[in-house]
Each structure stands twice: as structure tokens, then as C-alpha cells.
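After the sequence you'll find the predicted model.
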Amino acid sequence: MKSGGSYESAKRFFAATARAVEEIFAEVSGERMAAARKMSAYLKENPQPEKPIDAARRLNDSHDYKFSSAVLEDYYYVSPTWRNRYLAASVFSLRGSGEADNELVKRRRA
């Protein structure tokens, strides 16, 4: 099993940039544990979750993926102590940027 790097190395690597969010969702398509660690590190350093939430919404069609819709809406209702862990853990069930669009998304974009 790949380790995907430690939490500390992920923390050092990421800054508050769009590039960091893009890399997190690219990692979701491959090594989800690494993506979760990077998301956790990102949120610890950048307590405003709007960039990763917006990216997740773009990649996960809410009509086809009710889980992603619920996770992203419920984030703000989770206790502040747990909400970053909650969002980081959600990457195991979200779509990554390297995954092909599903048929519904293709039809909506046509």
C-alpha cells in the first residue's frame, strides 16, 4: 500500500492556492488516502473551505451523486472540531479531476 506521504510533508507542501486544490482532486483519482491527508493539511492551514468545496461541486454532479451533494451541504452543520476531518474523509467517495465525466454530465454540457 502506498503511504502517500506523511501529514507533515503534506502540510509543508501545500499553500493557500488554487494549485493545491487542483492537486488534491487530481490525487482523488489515484491515491485517495494521500488526497485525504492533503485535504486535511490544506484545511488546517486554510480554514476557509470554499475553494475545495467549489472544486468538488464542479467535479461531482449533484443529480447523479447525492452523497457529494449531502457532504458539501452538511459541512457547515458539522461541529467545528470535526468538520475538516469530515471533509477530508469525504474524498474517498468523491470524483477526482482525472476521472471521465459520466453520461449525465456529458448530456448536460451538450
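Sure, I can see it. Nothing here was measured: the structure is a model prediction, and the numbers come from that model.

Taking the centroid of the chain, which residue is nearest it?
Among the residues of the chain, residue 91 comes closest to the average C-alpha position under Cα atoms, centre = their mean, at 5.0 Å.

what's near enough to touch that one?
24, 28, 32, 35, 36, 39 (Cβ atoms under 8 Å, 6 or more residues apart in numbering). Backbone N, C-alpha and C define where each C-beta goes, glycine included.

Try it again at 7 Å.
Contacts for residue 91 (Cβ atoms under 7 Å, 6 or more residues apart in numbering) come out as 28, 32, 35, 36, 39.

From residue 80, how far off is residue 59?
For residue 59, the distance to residue 80 equals 25 Å [Cβ to Cβ, to the nearest Å].

More neighbours: which of these two?
Set residue 59 next to residue 80 and count neighbours by other Cβ atoms under 10 Å: residue 59 wins out with 20 against 8.

for that one, what are its contacts?
Residue 59 neighbours (Cβ under 7 Å, 6+ apart): 25, 95, 97.

And for residue 95?
59, 60.

Name the secondary structure element that contains it.
Secondary structure assigned from DSSP states H and E places residue 95 in neither a helix nor a strand.

Tell me, what's the model's pLDDT at it?
pLDDT for residue 95: 78.

how much distance is there from the helix or strand hosting residue 57 to the middle of the chain?
Taking DSSP H and E as the criterion, residue 57 maps to helix 50-59. Going by Cα atoms, centre = their mean, to the nearest Å, the spacing between the C-alpha centre of helix 50-59 and its chain's C-alpha centre is 7 Å.
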